[in-house]
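Peer 1: Pasting the sequence and the predicted coordinates here, then a few questions.
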Amino acid sequence: MDGDRRVWRQCLLSGAVFAVCMAGTTLPTPLYGLYQEKFGFSELIVTVVYAVYAFGVIGVLLLAGNASDAVGRRPVLLVGLGCAAASAVCFLCATGLGWLYAGRLLSGLSAGLFTGAATAYVMELAPSGGGSRATFVATAANMGGLGCGPLLAGVLAQYAAWPLYLPFAVHLALVAGSAAVLLRLAETVRERRPLSTVRPQRPGLPAQVRAVFGPAAIASFVGFALFGVFTSVSPAFLAQSLDVHNHAVSGLVVALAFFASTAGQLLVGRVGVARSLPLGCAGLLAGLALLAGALYWDLLVLVVLSALVGGVGQGLAFRGALAAVAEAAPVHERAAVISTLFVVAYAGISVPVIGVGVLSGPMGLEGAGLVFIACMAVLVSTAALYLLRRSAAPTRG
């Protein structure tokens, strides 16, 4: 019993390190308005600064997503913490737009290094038979960390001094503590190889996966796009349209979406993998409808409901999508297929978000948001209809 407790303690500590890193990726969310005031840039630039993060994640996933399998989990995670620390330093030193771009790119690199390696590390540190609980720890650490970032920054920016500096100083201290914790944890990769053996992971899509991959990829793209819009422009909408200037409230609204996603992923165990993807699509569609109502009628309660409903839908859809494509893929090509799904998903938090920024100039933030919602609704409805027809096909036969 004592042995199990010690093992679980290591598993939980690795999850805490995971959460600290992911919190740094969303830390600037409630602060973009303050940066706009300080540096005088447009809403388009806000979305570009935000989207740079996705390019960092995609680059690492493709070029070094499997590095921890070769050199070990801890070395890769320590490099990820180094990137997170460098990102915080960039924001602390920010005297212009270039620092923000650099900070976001480094943040994306840290998330890309952590996404696969930390998930595997948390599960490997769990005791025998604890796979289900370890999966919960990894999921909660990932999405919970993403939610804690804007909440922490919003509270500090609203109720403490130095709003553009204190959140990053606190995160830098947390990263330093996480590195100290990580150095005391065990390495789980027994047979390590040189870094030179790591090869880029080429996205792949075998023929037998394509029928499953289409709706899974669309649902993942829409879910991440919804999160991208929430984390990049929702604080501006709250301030401009709803006269909500409290940074803590802005951070909380964004955090609710990530916390709801965690709940949605946990619901997959109850509803089953087969039903989670269509139910997730329905949740995403409902979240988009609520967001459209919030933009049209300028109602804070609909923004909150959109975050909650859309977040649950994203969690259901993405975990269902991962399970579906992993099951359909041949074992020797599974990693390439999952990498392809992640590339599509992270494209969702870059391309549509920049599109909203481009349209916000001529159409205003509300008009751009409604165009975005209409496009995403068409995509997710197409995926849902395909899934319904596919599930009904055996009955007709």
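Peer 2: Great, that's in hand.

Peer 1: Only C-alpha atoms from now on, for both contacts and neighbour counts.
Peer 2: Fine.

Peer 1: host element of Lys133?
Peer 2: Actually, residue 133 is Arg rather than Lys. In the assignment (DSSP states H and E), Arg133 maps to helix 131-159.

Peer 1: how far is that helix from where the chain is centred?
Peer 2: For helix 131-159, the separation from the chain centroid amounts to 11 Å (computed by C-alpha atoms, centre = their mean, to the nearest Å).

Peer 1: Distance check, the spatially closest residue to Ala141 that is not a sequence neighbour against Gly311.
Peer 2: Using C-alpha to C-alpha, 6 or more residues apart in numbering and skipping the chain neighbours, the partner closest in space to Ala141 is Ala19 (4.5 Å). Between Ala19 and Gly311 the distance is 18 Å, computed by C-alpha to C-alpha, to the nearest Å.

Peer 1: Same drill for these two, tell me which one is more crowded.
Peer 2: In this view Ala19 and Gly311 are compared by other C-alpha atoms under 10 Å, and Gly311 has more residues nearby, 32 against 27.

Peer 1: Okay, helices next: where are they in the stretch 251-397 of the chain?
Peer 2: All helices of the stretch 251-397 of the chain, identified by DSSP state H, counting those that start in this stretch, fall at 273-297, 300-328, 334-347, 351-396.

Peer 1: returning to what we had before: give me the pLDDT for the residue nearest to Ala141.
Peer 2: Looking at Ala19, its pLDDT is 97.

Peer 1: give the contact list for it.
Peer 2: By C-alpha atoms under 8 Å, 6 or more residues apart in numbering, the residues touching Ala19 are 141-146.

Peer 1: Which one of these is nearest to Gly320?
Peer 2: For the contacts of Ala19, the minimum distance to Gly320 (C-alpha to C-alpha) is 15.7 Å, reached by Met143.

Peer 1: if we can go back for a sec, can you give me how far the helix or strand that comes right after the helix holding Arg133 is from the chain middle?
Peer 2: Using DSSP H and E, the helix or strand that directly follows helix 131-159 along the chain is helix 166-184. Taking C-alpha atoms, centre = their mean, one finds helix 166-184 lying 20 Å from the centre of the chain it belongs to.

Peer 1: got the buried residues for helix 166-184?
Peer 2: Across helix 166-184, burial judged by 16 or more other C-alpha atoms under 10 Å covers 166-169, 171-172, 174-175, 178-179, 182.

Peer 1: cool, stretch 193-205 as well?
Peer 2: 198, 201, 203-205.

Peer 1: between these, which is closest to Val46?
Peer 2: Val46 has its nearest neighbour among the buried residues of stretch 193-205 in Pro203, at 29.5 Å by C-alpha to C-alpha.

Peer 1: and that closest one, which of the three is it?
Peer 2: Judged by DSSP: H, G, I helix; E, B strand; the rest coil, the three-state class of Pro203 is coil.

Peer 1: and Val351, how many neighbours?
Peer 2: 16.

Peer 1: For Ala345, see how far away it is.
Peer 2: Taken as C-alpha to C-alpha, the span from Val351 to Ala345 is 11 Å.

Peer 1: Ile373 now?
Peer 2: For Ile373 relative to Ala345 (C-alpha to C-alpha), the value is 17 Å.

Peer 1: what angle sits between the helix holding Arg133 and helix 300-328?
Peer 2: Here helix 131-159 points in a direction 150 degrees away from that of helix 300-328 (axes from the mean of the first three to the mean of the last three C-alpha atoms, to 10 degrees).

Peer 1: For helix 131-159, name the packing helices and strands.
Peer 2: When contacts are defined as 3 or more C-alpha pairs under 8 Å, 6 or more residues apart in numbering; DSSP states H and E, helix 131-159 packs onto helix 2-26, helix 97-125, helix 166-184, helix 247-271.

Peer 1: out of these, which comes closest to Phe237?
Peer 2: Comparison of these against Phe237 by C-alpha to C-alpha identifies helix 247-271 as nearest, at 9.6 Å.

Peer 1: So which bits of stretch 369-378 are buried?
Peer 2: Residues 369-373, 376-377 are the ones in stretch 369-378 that count as buried (16+ other C-alpha under 10 Å).

Peer 1: residues touching Pro200, list them.
Peer 2: Counting by C-alpha under 8 Å, 6+ apart, Pro200 touches 62-65.

Peer 1: Among the residues you listed, which one has the most neighbours?
Peer 2: Most surrounded of those: other C-alpha under 10 Å gives Gly65, at 25 neighbours.

Peer 1: So Leu113 is in contact with Gly80, correct?
Peer 2: Yes - with contacts counted by C-alpha atoms under 8 Å, Leu113 reaches Gly80, the gap being 5.5 Å.

Peer 1: how close does Val175 sit to Pro163?
Peer 2: To Pro163, Val175 is 19 Å away according to C-alpha to C-alpha.

Peer 1: Chain neighbours aside, what residue packs nearest to Ala307?
Peer 2: Spatially, and ignoring its direct neighbours in sequence, Ala307 is nearest to Ala257 (4.4 Å; C-alpha to C-alpha, 6+ apart).

Peer 1: Next one: that neighbour from Val356, what distance?
Peer 2: Distance check for Ala257 against Val356: by C-alpha to C-alpha, it reads 19 Å.

Peer 1: Likewise for Phe168?
Peer 2: Distance, Phe168 to Val356, by C-alpha to C-alpha: 27 Å.

Peer 1: where in the stretch 51-200 of the chain is pLDDT low?
Peer 2: Scanning the stretch 51-200 of the chain for pLDDT under 70 picks out no residues.

Peer 1: show me the residues around the closest residue to Val198 other than its chain neighbours that make contact.
Peer 2: Closest residue to Val198 apart from its sequence neighbours, by C-alpha to C-alpha, 6+ apart: Ala67 at 5.8 Å. If a contact means C-alpha under 8 Å, 6+ apart, then Ala67 has 76, 195, 198 as its contacts.
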